[in-house]
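Participant: Build me a model from this:
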Amino acid sequence: FPTRTLTIAEWQLIVPGCGWGVAGAALGTLFAFVSVALPLAYFAIFRSSILAWKLDVERFVWRWQYVWNAVKIGAPMALQYLLMNGAQLVSTMIVAPLGNVAIAAHSFGITAESLCYMPGYGISEAATTLVGQSVGADRRDLHRSFAWMTVLMGMAVMAFMGIIMYIFAPEMIEAFAEPFFAAAIVAYSVCVGAGDTLKPSFINLGSMWLVRLTLAYALASHYGLRGVWFAMAVELSFRGLMFIFYLYRHLRQKKA
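Facilitator: Below you'll find the predicted structure:
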């Protein structure tokens, strides 16, 4: 924003600004990431009781098996995040011809929906940790228990949040898809904890590009923003069911 004067009751307050517009907002986001990344890196390298470099008793040596495992796990995730962000851009391109009001409503609706799915992402982080520790300890019983416990917990929490969202904003039809969205979020994190990222990444990408974007493009011209959000609800439900089925087969094979 540019430098401006705000009037509060009888008081006038001059708020300084640069007037950089969208570029200024982008720089603000950049500085926010940096201000978080640097303290975290400092803590991990120098202060952590587990990760600090000073705890090393042997000279660092590259272990290429570890590097290969990291690439095998991380590469599908990196590609997935890249293409999923691309899908978000395409989704915005589908909404853009509907007008400024539709774009603003779409953006605001996604922000409001985040109140529902943020608890799911919190549970998913716990799922990755618990399942990863269980797999590392070769405790398949704990692996299965933590997997289903976190998935069901995430579905329950986001179902409750979906009910709250529907009560206060019944126009947001995506509220009905929140339990399945939770299943997709948490089940994917369970797979990450188990070191299985390739097929789950394909599920995410296939569902987003082949179901959501295709259906949104087909419905937007006839039903406007409602059609786009209906496509989102259908796709999230489909993705959640796919992950539940995949997780069931994965854990069943591990049990065998």
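Participant: Are we agreed that residue 171 is in a strand?
Facilitator: No: if the criterion is DSSP: H, G, I helix; E, B strand; the rest coil, then residue 171 is coil and not within a strand.
Participant: quick one: the residue in the chain sticking out farthest from the centre from residue 3, how far?
Facilitator: Within the chain, residue 10 marks the point farthest from the mean C-alpha position, 44.5 Å out by C-alpha atoms, centre = their mean. With distances defined as C-beta to C-beta, to the nearest Å, the gap from residue 10 to residue 3 amounts to 21 Å. Bear in mind the C-beta positions are built from the backbone N, C-alpha and C, glycine included.
Participant: Residue 35 too?
Facilitator: 24 Å.
Participant: now do residue 18
Facilitator: Counting by C-beta to C-beta, the separation of residue 18 from residue 3 is 8 Å.
Participant: again with residue 70
Facilitator: Spatial separation of residue 70 from residue 3 under the definition C-beta to C-beta is 48 Å.
Participant: For the residue farthest from the centre of the chain, grab phi and psi.
Facilitator: phi -100, psi 0 (degrees, to the nearest 10).
Participant: Which element, helix or strand, includes the closest residue to residue 119 other than its chain neighbours?
Facilitator: Beyond its immediate neighbours in the sequence, the residue positioned closest to residue 119 (C-beta to C-beta, 6 or more residues apart in numbering) is residue 157, lying 4.9 Å away. Following DSSP states H and E, the helix or strand that holds residue 157 is helix 140-168.
Participant: so what does the helix or strand that that helix is followed by touch, helix or strand wise?
Facilitator: Reading on from helix 140-168 to the C-terminus, the next helix or strand found by DSSP H and E is helix 178-193. Using 3 or more C-beta pairs under 8 Å, 6 or more residues apart in numbering; DSSP states H and E as the contact criterion, the elements in contact with helix 178-193 are helix 100-136, helix 140-168, helix 198-206, helix 213-255.
Participant: Save those helices as JSON lines, and put in distance to residue 174 too.
Facilitator: Written out in JSON lines, the entries for these read as follows (distance: least, C-beta to C-beta, whole Å):
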{"stretch": "helix 100-136", "distance to residue 174": "6"}
{"stretch": "helix 140-168", "distance to residue 174": "8"}
{"stretch": "helix 198-206", "distance to residue 174": "17"}
{"stretch": "helix 213-255", "distance to residue 174": "5"}
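Participant: quick one on the thing from earlier: so the helix holding residue 157 versus helix 100-136, what angle?
Facilitator: Angle, helix 140-168 to helix 100-136, by axes from the mean of the first three to the mean of the last three C-alpha atoms, to 10 degrees: 160 degrees.
Participant: average pLDDT for stretch 119-132?
Facilitator: Taken as a whole, stretch 119-132 has a mean pLDDT of 95.
Participant: now do stretch 189-204
Facilitator: Averaged across stretch 189-204, the pLDDT comes to 94.
Participant: mind listing what residue 246 touches?
Facilitator: Counting by C-beta atoms under 8 Å, 6 or more residues apart in numbering, residue 246 touches 187, 191, 199-200, 203.
Participant: try residue 17
Facilitator: Counting by C-beta under 8 Å, 6+ apart, residue 17 touches 1-4.
Participant: do that again at 10 Å, thanks
Facilitator: Contact analysis of residue 17 by C-beta atoms under 10 Å, 6 or more residues apart in numbering lists 1-4, 24.
Participant: From the residues you listed, which land in helices?
Facilitator: Assigned to helices by DSSP state H, the following of these qualify: residue 24.
Participant: Can you add distance to residue 242 and give the contacts of residue 17 back as JSON lines?
Facilitator: As requested, the contacts of residue 17 are exported to JSON lines (distance: C-beta to C-beta, whole Å):
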{"residue": "1", "distance to residue 242": "44"}
{"residue": "2", "distance to residue 242": "48"}
{"residue": "3", "distance to residue 242": "52"}
{"residue": "4", "distance to residue 242": "49"}
{"residue": "24", "distance to residue 242": "41"}
